[in-house]
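1. need a 3D model of the sequence below.
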Amino acid sequence: MRHPVPDPVGAGQESVWDYPRPPRLERIPARVTIDFAAVTIVDTDDVVRVLETSHPPVYYLPAAAFVPGSLVPTAGSSFCEFKGAAEYFDVVRGTAVAARAAWGYPTPAPGYEELVGRVAVYAGGMDRCTVDGEVVTPQPGGFYGGWVTANIAGPFKGVPGSMGW
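-> Below is the predicted model:
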């Protein structure tokens, strides 16, 4: 397995290679918005991000901050070795549906209790996601849910060849 070489870190940036494993939760003073089907479905400054080695941050927002009816529980689950069992949601607005585009941990593992009642969203299925006004780029690969912003240096898990990182 070839290990990646971290990208240079510019002024005001942080490297995902300095993030811990197991992941760390961090409450941050930021405003996050998500637009779906031409409507802002969440606009909140109650933000917790999860930082894990090689991954851009995943932003967890209060489920109660979403427009009512925009998160619909759906079948299926997954398991994170650190956070525990995840449940999934379709993101819905009128007739528009982004299937399994959001997830949360209703009963997270010890150390991750702050995720109760919070939901993360795959940016790729939304019209636009922002952090403090900056439009985010989805984490590469489609499997992981990190949000890439200008203040994050990679390379990021999910790019071709990163399976063994």
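2. from here on, contacts and neighbour counts on C-alpha atoms
-> Noted.
3. which one is the spatially most central residue of the chain nearest to, not counting chain neighbours?
-> With distances taken as C-alpha atoms, centre = their mean, residue 58 lies nearest the centre of the chain, 2.8 Å away. Leaving aside its chain neighbours, residue 58 sits nearest to residue 146 (4.4 Å; criterion: C-alpha to C-alpha, 6 or more residues apart in numbering).
4. quick one: low-confidence ranges for this protein?
-> 1-2 (pLDDT under 70).
5. next one: phi and psi at residue 115?
-> Main-chain torsions, residue 115, degrees, to the nearest 10: phi -80, psi -10.
6. how near is it to residue 11?
-> 31 Å (C-alpha to C-alpha, to the nearest Å).
7. who's more crowded, these two?
-> residue 115 (23 against 7; other C-alpha atoms under 10 Å).
8. nearest spatial neighbour of that one, skipping sequence neighbours?
-> residue 105 (6.4 Å).
9. likewise residue 43?
-> Here the residue nearest residue 43, using C-alpha to C-alpha, 6+ apart, is residue 33, at 4.4 Å.
10. hang on, residue 23 packs against residue 50?
-> Yes: if you go by C-alpha atoms under 8 Å, residue 23 and residue 50 touch, sitting 6.3 Å apart.
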